[in-house]
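Asks: Let me see the structure of the following:
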Amino acid sequence: MHAITVRPTDKTDSKGRHRPGPECIEWTEVPTPEPGPSEVLVKVKAAGINRGDLLQRQGLYPPPKGVTDTMGLEVSGTVSSLGPHVEGWSEGDEVVALLAGGGYAEYVIVPAGQLLPIPEGVDPVTASTLIEVAATVISNMDHVGLSKGETFLVHGGAGGIGQFAIQYAKSLGCTVITTCGTVEKQEFCRKLGADVALNYHEDWVSGVKEATHGRGVDVILDVMGAKYLGLNVDVLATGGRLDIIGMQGGVKGELNIGKLLNKRALVTATSLRPRPLEEKAAICQRVREIAWPLYANGSIKPAPVTSFPMSEAGKAHAQLESGEVLGKAALTL
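Replies: Okay, the predicted model is just below:
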């Protein structure tokens, strides 16, 4: 079979580190994997592209021990063959899969508990971009207990995580504030249901305080990490919860413990990829129970998808890094 590989690069960044760019992505021939016990071999139709893939290509987000070096955290496709002890699936079933890696390929091995049927009314290419976002947002909102009547802030509202989070929080009965980078993206987020959309190039902290009449927000879902750490604490309400799921703004920041104590606030962080298989299987079932009906009844609309042939994964990564893609991107076979 063929799969995406990343060749080493001689180029270095400003700190002398080797960071392979999109031009280092290659479509090469590799052995076809075979499913083991409780595993399924899926013939890939499309692979969703996530921020983690870009980081992995640069050497900043390595796969967990024992997982293939091939990128790809979610796919749609058909069941090709079953390993021993797999129940509930048959060859030819159309599925989506949550992965720890390996999706940028013609075939991928998936733990059976991380397979779901394609949501009703969703095409396979769009379906390939749904499960990673839904699993991330739902598991994190379960973790911090987002509930009806609370005020929720999500950064990067026009991205895949942000678009789902806005609509999911609204489905729970929350007031939603988001940040994004352009006037066009602000309007887009409002159409998704955001009550307030702020430009993060401006003073979004004052914007949040004004929108909440100085009270602050109950829950923040943050992809930025260090860059926004202190600012996020500033806009938390008493008893608020800051949930960090990304490091786009760095890994080390300063935290004012005094402010945290005064607000009796919580700062937490989670990662989906390295979790044990049984936890991922449980999260996938939560996605099936909660998100799939919301897609089916139109309460949540999938993010718009820009698709590229799998062999042009380098071009897709370049466009995603440029910020030109609104929503999600997928690689197709």
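
Asks: just checking, L116 touches I131?
Replies: Yes. Contact criterion CB atoms under 8 Å: L116 and I131 qualify, at 6.5 Å. Heads up, the C-betas are built off the backbone N, CA and C, glycines and all.

Asks: Next, show the common contact partners of these two.
Replies: Shared contacts of L116 and I131 (CB atoms under 8 Å, 6 or more residues apart in numbering): V96, A97, L98, C284, V287.

Asks: Give me the contact list for the helix or strand hosting G240.
Replies: In the assignment (DSSP states H and E), G240 maps to strand 236-244. Residues from elsewhere that reach strand 236-244, judged by CB under 8 Å, 6+ apart: 140, 143-145, 151, 212, 215-222, 225, 229, 232-233, 263-270.

Asks: could you list every residue that touches G157?
Replies: Residues in contact with G157 (CB under 8 Å, 6+ apart) are Q163, A165, I166, T178, T179, C180, K185, C189, L192, A194, A197.

Asks: Report the two of those separated the most.
Replies: A165 and K185 (14.4 Å; CB to CB).

Asks: neighbour-wise, which of those two wins?
Replies: Applying other CB atoms under 10 Å to A165 and K185 shows that A165 carries more neighbours, namely 31 against 22.

Asks: which SS class is the more buried one?
Replies: Secondary structure, DSSP: H, G, I helix; E, B strand; the rest coil: A165 is helix.

Asks: Can you tell me the closest non-neighbouring residue to it?
Replies: V154 (4.3 Å; CB to CB, 6 or more residues apart in numbering).

Asks: Now intersect the contacts of strand 236-244 with the helices, please.
Replies: N140, H143, V144, L229, N232, V233, K263 (DSSP state H).

Asks: returning to that earlier point: of the shared contacts of L116 and I131, which pair is most distant in space?
Replies: Pairwise distances across those (CB to CB) peak at 11.7 Å, for the pair A97 and V287.

Asks: of the two, who's got more company?
Replies: Using other CB under 10 Å as the criterion, A97 and V287 rank with A97 on top: 29 against 24.

Asks: how about the strands in the stretch 51-200 of the chain?
Replies: Counting by DSSP state E, counting those that start in this stretch, the stretch 51-200 of the chain has strands at residues 74-82, 94-98, 107-111, 115-117, 151-155, 175-180, 196-199.

Asks: and of those strands, who's closest to R275?
Replies: strand 94-98 (10.2 Å).

Asks: and that closest one, which residues are buried?
Replies: Neighbour counts over strand 94-98 (16 or more other CB atoms under 10 Å) mark V95, V96, A97, L98 as buried.

Asks: quick check, distance from stretch 208-226 to the centre of its chain.
Replies: Its chain's C-alpha centre and that of stretch 208-226 lie 20 Å apart, by CA atoms, centre = their mean, to the nearest Å.

Asks: Now do it: distance from first to last residue.
Replies: Stretch 208-226 has an end-to-end distance of 19 Å (CA to CA, to the nearest Å).

Asks: buried set for it?
Replies: Of all the residues in stretch 208-226, those buried under the rule 16+ other CB under 10 Å are 208-209, 211-212, 216-226.

Asks: from those residues, which single one is nearest G103?
Replies: The closest of the buried residues of stretch 208-226, once distances to G103 are taken by CB to CB, is V223, at 20.4 Å.

Asks: Is it correct that the closest one is in contact with R51?
Replies: Yes. Counting by CB under 8 Å, V223 touches R51, with 7.5 Å between them.

Asks: Could you name every residue contacting both of those two?
Replies: G159, G246, Q248.

Asks: By neighbour count, which of the residues you listed wins?
Replies: G159 (26 neighbours).

Asks: Just give me the closest of the buried residues of stretch 208-226 to G323.
Replies: Taking the buried residues of stretch 208-226 together and measuring to G323 by CB to CB, the closest member is V223, at 13.7 Å.

Asks: Who's the closest spatial neighbour of that closest one, skipping the chain neighbours?
Replies: Nearest to V223 is G246, by CB to CB, 6+ apart, at 3.3 Å.

Asks: I'd assumed that neighbour was in a helix, is it?
Replies: No. Counting by three-state DSSP, G246 is not part of a helix but coil.
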